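# Build me a structure from this.
(2 chains)
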Amino acid sequence: MQDHDSGDEQDWISYALRADFKDLVPIFIDEEPGSICPIAYSEKFSVTMAYLRALLKTNEISKRAFELVGEAILLNPANYTACPEQELSWIESIAEDNPKNYQLWHQRQKIVAQLVETGKINMYNTKDNIEKSGFELDAYITSVTNNTIVAKEIIFLNSQIDLDSKNFHAWSYRQYIIKTFDLYDYELGFAELKISQDIRNNSAWNQKYFILTKGDSSFRIDDLKVLHKEISYSLKMISMAPNNESAWVFIIGLLRIHKPELLYTTFYDSLTALFEKNTIKSTIETSRFYWVYLYKYYNNLLTINLADANEMRVEWSENANYAVDFLANNLDPIRKNYYMYLKKKIPAIN
Amino acid sequence: MQGLPSGYQCLNSSQPWFCFWTLHSLYLLGKEIDCEVENKVINKIASCQNKGGGYGGSPSDISHIISSFSAICSLVIVGTQKAYESIDRNTMIQWLLQMKNSDGSFTVHQGGEIDLRGSYCAIVVAFLLDILTPDLVENVADFVSRCQNYDGGFGPYPGVESHGSYSFCAIAVLDILNKTESIDLDSFTGYVTSRQMSLEGGFSGRINKLVDGCYSYWVGATFIILHRALGLPPTSDFLFDRMALQKYIILCCQKNNVGGLRDKPGKSPDYYHTCYCLSGLSLAQNGVVNLLSNSSQDLDSTATLGYKLFNNENLIFGSQKNAVPEINPVFNISPDKLNNWVKYFK
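The predicted model follows:
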């Protein structure tokens, strides 16, 4: 709740005193005396909004309307009624102070979407154009796209994510740009860079999944090479930070959805192989995700191998029970109710 | 309710929200509102209603699904015949259908964004006005399901990162439609239970993010709805630590000598956090469960209203003075006020 008009209130000249707004009759909304939840508006706010209502009434499109709308949005960025179809760079200047505002991000997407729908986006297509636009481009970006608008959006998004690496709106809009302009190859490098800078950046992990599935939740990955690569990648990250929820849910989710038969075979083998290589076992054993996985591993054995020898089943059942009891009583008691719920799901032994 | 400082003018387009946050907080604090306040709320909300249907965030804004949600919920809390009659239900259903997309999603306002908040608010508004028509419901659950991610949680839109509040929107819509079986409940349960912070006791909104008092409601309510979805017995405890959550709210979300509740220590209280911290406190204290089936085969179209106190399973941290009354987790309104409201249904 920053006060957006503090500081420049003195320099501001009321629209009521300006000759170029003289013909307008401002529309003030009278809060009836004692109305509920009234906001103490500043004079600047109420006058600007009153003139805005007057302009909106006639749908006037003019230079002064642009100025007024701009002023109104600065005062109240959530004013979803006023946003003009104007320059992206202007939005950029206010987005810096309002990184969490829905309207600003949506408006950006709408402008780009309109350029795509009308085909006008192609007017920005040549390398010439990028040079003419007179701003310096990252050599890497020019190798990814030759469209000025797309390049600008990527650069803008990169800078927003540099400021706040988990900015929800920025990542969401980023998915639109990546999908619309098919920039998955570039994006894989970006997501992995962000993960390497902070392995707990869940937005970046989510982006990695988005890239692998080409932004389509019904897309199924059947390339084993890709899945094996992701298993080693995730395990490398897990060995660096065994309690990192992002890495565990990524790899378990990926396998569960795309190749469930690997979840309790290849992945289990690769995980236990980590233990042999170094002294990591003791740190992995501090991870609640590891124990939940073990529980699921033994539970799965009990579910699929119904005909196996009873002594094997007894051992699996003991291991599954041990995992959830250890979680509930020692490692992660805050989730005790959940672990007791999981315990009830362990198949009975005859 | 008598006046908000100018710092709130950037929330000028959230006026029905101020009504809801303050009215609901007063209910949770056990304060009755009088006739005069009721009438002022009705007038304020009516001033935001647009001719083409729906409510804007202020008298000069176009209709917005989320403003319409807070407007209708405020009127349900007021609960009078006059409040009910102030609503134009015919234009509301027309407008909601205009906001609906063929994939089952909703656009939050003309030309606005599409996300699960839109789905939740549209379905709640339609339910509370008894205009939940087949046209409106068609494909809604499909779009919701498409927002479920690999980690089991839900994002605002397919592909976007999971978030506690959008996960709430998803399960709440499916609860109203009796369709919670249409998602992967197993991974969802894993995602939701992971939101409680081991040390703080409160909930985080996203994986590897910090605790925030407002998720006490958004994530807390998800647990109550999940209890029904998983068919857990009413006598069994919810899948979160009710005492730890209360401790976080009571000890960390209040500030000495300052009213209201807040996100976390170091932040200032505001109306939004006050409302949702108190709502979360209510969920943690009261054993509210729904015994009605959630299967779409049993066509009880108002089963979502069946959440009520069971066996007085209350659990209160600290003094009895900390006790707050119960709420329906799907609507965040008292069960009595909801039952009073449905009498206006034909």
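# contacting residues for the residue nearest to residue A:256 when sequence neighbours are not counted?
Distance criterion Cβ to Cβ, 6 or more residues apart in numbering or on different chains; nearest residue to residue A:256, sequence neighbours excluded, is residue A:263 at 5.9 Å. C-betas here are computed from N, CA, C, even on glycine. Contacts for residue A:263 were tallied using Cβ atoms under 8 Å, 6 or more residues apart in numbering or on different chains; they are A:252, A:255, A:256, A:300.
# same thing with residue B:339?
By Cβ under 8 Å, 6+ apart, the neighbours of residue B:339 are residue B:305.
# Could you chop chain A up by domain?
A:1-84, A:85-219 (automatic domain parsing).
# Comparing those, which yields the minimum mean pLDDT?
Confidence, taken as mean pLDDT, is least for domain A:1-84 of those (a mean of 74).
# In the stretch 101-250 of chain B, which residue sits nearest chain A?
Relative to chain A, the nearest point of the stretch 101-250 of chain B is residue B:150 (2.9 Å; Cβ to the nearest Cβ).
# which residues of chain B fall in strands?
With DSSP state E, the ranges of strands along chain B come out as B:288-290, B:307-309.
# what comes up buried for the last one?
Buried positions in strand B:307-309, judged by neighbour count with 16 or more other Cβ atoms under 10 Å in any protein chain shown: B:307, B:308.
# what ranges do the helices span in the stretch 51-200 of chain B?
For the stretch 51-200 of chain B, applying DSSP state H, counting those that start in this stretch gives helices covering B:65-78, B:81-85, B:89-99, B:116-128, B:134-137, B:140-146, B:164-176, B:185-193.
# any chance of those helices in TSV, with mean pLDDT and distance to residue B:316 too?
Below are the helices of the stretch 51-200 of chain B laid out as TSV (pLDDT from 0 to 100; distance: least, Cβ to Cβ, whole Å):
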stretch	mean pLDDT	distance to residue B:316
helix B:65-78	98	24
helix B:81-85	97	32
helix B:89-99	98	39
helix B:116-128	98	29
helix B:134-137	97	39
helix B:140-146	97	34
helix B:164-176	98	24
helix B:185-193	98	23
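# So residue A:107, which state does it fall into?
What DSSP: H, G, I helix; E, B strand; the rest coil gives for residue A:107 is helix.
# quick one: it and chain B, what's the gap?
Distance, residue A:107 to chain B, by Cβ to the nearest Cβ, to the nearest Å: 9 Å.
# ok, now how distant is that residue from residue A:19?
31 Å (Cβ to Cβ, to the nearest Å).
# between those two, which one's more packed in?
residue A:107 (23 against 6; other Cβ atoms under 10 Å in any protein chain shown).
# Isn't residue B:239 up against residue B:223?
Yes. At 5.7 Å, residue B:239 counts as touching residue B:223 under the criterion of Cβ atoms under 8 Å.
# Overlap of the contact sets of these two?
Joint contacts of residue B:239 and residue B:223 (Cβ under 8 Å, 6+ apart) are residue B:192.
# Using the three-state scheme, assign whichever residue of chain A sits closest to chain B.
Residue nearest to chain B within chain A: residue A:253 (2.9 Å; Cβ to the nearest Cβ). Classification of residue A:253 using three-state DSSP returns helix.
# Spatially, what comes nearest to it if we skip its sequence neighbours?
Excluding its sequence neighbours, the residue lying closest to residue A:253 (Cβ to Cβ, 6+ apart) is residue B:150, at 2.9 Å.
# just residue A:339 next, same as before
residue A:328 (4.0 Å).
# mind listing what that neighbour touches?
By Cβ under 8 Å, 6+ apart, the residues touching residue A:328 are A:335, A:336, A:339, A:340, A:343.
# Could you export the strands of chain B as JSON lines, including mean pLDDT and distance to chain A?
As requested, the strands of chain B are exported to JSON lines (pLDDT from 0 to 100; distance: least, Cβ to the nearest Cβ, whole Å):
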{"stretch": "strand B:288-290", "mean pLDDT": "94", "distance to chain A": "14"}
{"stretch": "strand B:307-309", "mean pLDDT": "93", "distance to chain A": "19"}
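# May I see those strands arranged in TSV, with distance to residue A:183 as well?
Shown next, in TSV, are those (distance: least, Cβ to Cβ, whole Å):
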stretch	distance to residue A:183
strand B:288-290	46
strand B:307-309	46
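# among those, which is nearest residue B:134?
strand B:288-290 (24.0 Å; Cβ to Cβ).
# got the contact list for the closest one?
Strand B:288-290 is contacted from outside by B:224, B:227-228, B:234, B:303-304, B:306-310, B:326-329, B:335, using Cβ under 8 Å, 6+ apart.
# Same question for stretch A:45-59.
Residues outside stretch A:45-59 that contact it (Cβ under 8 Å, 6+ apart): A:5, A:14-16, A:21, A:24-29, A:41, A:65, A:68-69, A:71-72, A:75-76, A:81-82, B:6, B:9, B:12, B:60.
# Just the residues you listed: which are in strands?
Going by DSSP E, the strands hold none of the contacts of stretch A:45-59.
# before we move on, the earlier item: dump the helices of the stretch 51-200 of chain B to TSV, plus distance to residue A:154 and mean neighbour count.
Output for the helices of the stretch 51-200 of chain B, formatted as TSV (distance: least, Cβ to Cβ, whole Å; neighbours: other Cβ atoms under 10 Å in any protein chain shown):
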stretch	distance to residue A:154	mean neighbour count
helix B:65-78	30	26
helix B:81-85	50	15
helix B:89-99	31	18
helix B:116-128	27	25
helix B:134-137	38	13
helix B:140-146	26	21
helix B:164-176	26	26
helix B:185-193	30	21
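# Quick check: which of these is nearest to residue B:253?
Among the helices of the stretch 51-200 of chain B, the nearest to residue B:253 by Cβ to Cβ is helix B:164-176 (16.3 Å).
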